[in-house]
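Novice: sharing a sequence plus its predicted fold:
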Amino acid sequence: MPDIIELARAAGLAVVLDGRIGRQEYQSVSGPISALQRFADAYHRAALEHVPEGEKHD
């Protein structure tokens, strides 16, 4: 599965590092609704690529 942060950036969303505690990072994502829709579409396509053939439900 692709990195969710990379998908967000590729869709045009701004990803901001808000803080880090130990190894845990806290990030915010913001942008226009059109970028959110592109992200949702890209995530959906990526998820379908990783579903076993007999389980796909388009």
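Specialist: Done, it's in. Because the structure is a prediction, the values reported are computed rather than measured.

Novice: all strands for this protein, in order.
Specialist: 14-21, 24-30 (DSSP state E).

Novice: which one of those strands is the most hemmed in?
Specialist: Counting by mean count of other CB atoms under 10 Å, strand 24-30 has the highest mean neighbour count of these, with a mean of 11. Just so you know, the C-beta spots here come from the backbone N, C-alpha and C atoms, and that holds for glycine as well.

Novice: just want the angle from that one to strand 14-21.
Specialist: Here strand 24-30 points in a direction 160 degrees away from that of strand 14-21 (axes from the mean of the first three to the mean of the last three CA atoms, to 10 degrees).

Novice: quick thing: my sequence starts at 48, can you match it?
Specialist: Will do, 48 is the new start, and the previous item becomes strand 71-77.

Novice: if we can go back for a sec, what would the strands of the chain look like in JSON lines with mean pLDDT and distance to Ala87?
Specialist: As requested, the strands of the chain are exported to JSON lines (pLDDT from 0 to 100; distance: least, CB to CB, whole Å):
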{"stretch": "strand 61-68", "mean pLDDT": "94", "distance to Ala87": "16"}
{"stretch": "strand 71-77", "mean pLDDT": "94", "distance to Ala87": "12"}
